[in-house]
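S.K.: this is the structure alone, sequence omitted:
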Ligand SMILES: Cc1cc2nc3c(=O)[nH]c(=O)nc-3n(C[C@H](O)[C@H](O)[C@H](O)COP(=O)(O)OP(=O)(O)OC[C@H]3O[C@@H](n4cnc5c(N)ncnc54)[C@H](O)[C@@H]3O)c2cc1C
């Protein structure tokens, strides 16, 4: 991921606040969540509005530079930033406007999950998003987006009403079901390939303000029992209920016996957004499980549940992940998981198991660019460490673990969980790859937006104009 010290100096972008290499502000702005990423843009455009974005896109294009976009800077592969690219920094564009009557939020492209959650919860509303507060709405949404509310209300993209875009030629356009529907389809999972999203509109739903939420922790000696219980529980759980499993080391938390702190455990993190009495009944077998070491499941404000994991996944560590999809959680897979959890490569490493289903599967894999529907389990072995000297060992552990966990897996990987900067696009976009390539050819034929899990523009020589128009939905049949 090194640096490019021979890069040209691009100079300031007319009319747009610009940071140049060599300043402390430049170094701060190019820093992202994953400390492994050390990329040096040729310039950083600190955009204040869509017109600034247009100016930055046109300047980058004129200079022959790629464009990268920094939303929340949370991407594991660090694709907010690229050597020799012009980085469009959206951190000054974080406003959220909620219309409680229409239950719609208008969210600027640089907002974080916390910005959206706080503004929407003032009205008792929310939309499905991720589970760590400072994740960017921009990258999360364009890749698909899932969290505690997704089994009830779908992916983040399933709640997207419109996106205001700055395209590769600098034009400002809106994509929605009725305007540029081909582009709107591609933006719902095709990642940052099609331009800069300066604002999103989302549908909101009544949520909370209190939800029943928190961890129940099992010793790894009972890991098999815990994971079997979890997978069977999720098979019949109502949509308002989501439980994720995390194979990790026990935190030094007061609800756990002191002698368990730091030992390998299974953490079942439960979320309930339905009727309070029913939630107590449904979650009782989990909270009272005889093999559990303890639990901290409690009624909490939704915004606190959304921030519960912030410290665990705080910015600044070195991170490497892999993502594997499974349709079933059979005993063989559970045995592999428990085995791997006994040998996590560092105290902060984990294997996260997200449970999907419910509303996510109400939509077909080709109805949005996000293709991973009907995959109830997403398994993510993740290493997290501090010392660069450990990079090789940590990355090797994740790759080996993923190799083992891939046996019997469904093809594909969630684009937002891919840690390598290049080369897994086919897996991420699956059956939607060809249609995405045609839309890319139409909207970004020069691949200006290539600092991402890149979709190569479909070569015009491979197809006729009519083919392209058909595949992007511009003509019937
Ligand atoms: C600790 C942690 C927890 C996570 N939890 C979840 C989770 O629960 N659910 C989930 O779905 N994902 C989760 N993710 C993954 C998350 O969705 C991705 O990391 C996502 O890329 C973050 O978006 P960002 O805007 O912060 O990223 P950035 O690094 O800023 O950008 C990521 C990519 O998106 C593009 N991009 C960002 N904003 C825009 C924009 N406005 N217009 C155009 N392109 C843009 C960038 O070009 C870049 O390629 C998590 C990640 C982390 C690190």
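M.R.: Happy to help now that I have it. Because the structure is predicted, anything quoted here is derived from the model rather than measured. Numbering: from 1, shown residues only.

S.K.: roughly how far apart are residue 73 and residue 29?
M.R.: Residue 73 is 9 Å from residue 29, where distance means C-beta to C-beta, to the nearest Å. For the C-beta atoms, the positions are set from N, CA and C on the backbone; glycine is no exception.

S.K.: mind listing what's buried along stretch 117-134?
M.R.: Within stretch 117-134, the residues scored as buried using 16 or more other C-beta atoms under 10 Å are 117, 119-121, 123, 125-134.

S.K.: try stretch 388-404
M.R.: For stretch 388-404, a neighbour-count test (16+ other C-beta under 10 Å) marks 394, 395, 397, 398, 399, 401, 402 as buried.

S.K.: neighbouring contacts of stretch 272-279?
M.R.: Contacts to stretch 272-279, defined as C-beta atoms under 8 Å, 6 or more residues apart in numbering, come from residues 148-149, 152, 207-208, 210-213, 238, 240-241, 282-283, 299, 302.

S.K.: centre of the chain versus that stretch, how much separation?
M.R.: Taking the mean C-alpha point of stretch 272-279 and that of its whole chain, the gap between them comes to 27 Å (C-alpha atoms, centre = their mean, to the nearest Å).

S.K.: for that stretch, buried residues please.
M.R.: Across stretch 272-279, burial judged by 16+ other C-beta under 10 Å covers 272, 273, 279.

S.K.: which residue ranges of the stretch 101-250 of the chain form helices?
M.R.: For the stretch 101-250 of the chain, applying DSSP state H, counting those that start in this stretch gives helices covering 113-121, 137-143, 150-153, 181-187, 223-236.

S.K.: now tabulate these in JSON lines and tack on mean pLDDT.
M.R.: Compiled in JSON lines, the helices of the stretch 101-250 of the chain are given as follows (pLDDT from 0 to 100):
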{"stretch": "helix 113-121", "mean pLDDT": "98"}
{"stretch": "helix 137-143", "mean pLDDT": "98"}
{"stretch": "helix 150-153", "mean pLDDT": "98"}
{"stretch": "helix 181-187", "mean pLDDT": "98"}
{"stretch": "helix 223-236", "mean pLDDT": "98"}
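
S.K.: which one, of those, ends up nearest to the ligand?
M.R.: Evaluated over the helices of the stretch 101-250 of the chain, closeness to the ligand peaks at helix 137-143, with 2.2 Å, by C-beta to the nearest ligand atom.

S.K.: name the nearest residue to residue 208, sequence neighbours excluded.
M.R.: Of all residues not flanking residue 208 in the chain, residue 302 sits nearest, at 3.7 Å (C-beta to C-beta, 6 or more residues apart in numbering).

S.K.: sorry, wrong one. I was asking about residue 180.
M.R.: residue 173 (6.2 Å).

S.K.: so who does that neighbour touch?
M.R.: Contact analysis of residue 173 by C-beta under 8 Å, 6+ apart lists 164, 165, 167, 179, 180, 183.

S.K.: possible to save the residues you listed as JSON lines with distance to residue 338?
M.R.: Formatted as JSON lines, the contacts of residue 173 follow (distance: C-beta to C-beta, whole Å):
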{"residue": "164", "distance to residue 338": "47"}
{"residue": "165", "distance to residue 338": "46"}
{"residue": "167", "distance to residue 338": "49"}
{"residue": "179", "distance to residue 338": "50"}
{"residue": "180", "distance to residue 338": "48"}
{"residue": "183", "distance to residue 338": "45"}
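
S.K.: where does residue 305 sit relative to residue 314, distance-wise?
M.R.: Remark: distance between residue 305 and residue 314 (C-beta to C-beta) = 17 Å.

S.K.: those two: which has the busier surroundings?
M.R.: When residue 305 and residue 314 are compared for neighbours, residue 305 comes out ahead with 25 against 11, by other C-beta atoms under 10 Å.

S.K.: so does whatever helix or strand that one lives in get close to the ligand?
M.R.: In the assignment (DSSP states H and E), residue 305 maps to helix 302-307. No - using C-beta under 6 Å from any ligand atom, helix 302-307 never reaches the ligand; the gap is at least 9.7 Å.

S.K.: what count of nearby residues applies to the residue in the stretch 251-400 of the chain that the ligand sits nearest to?
M.R.: Nearest to the ligand in the stretch 251-400 of the chain, going by C-beta to the nearest ligand atom, is residue 313, at a distance of 3.4 Å. The burial count assigned to residue 313 is 20, neighbours taken as other C-beta under 10 Å.
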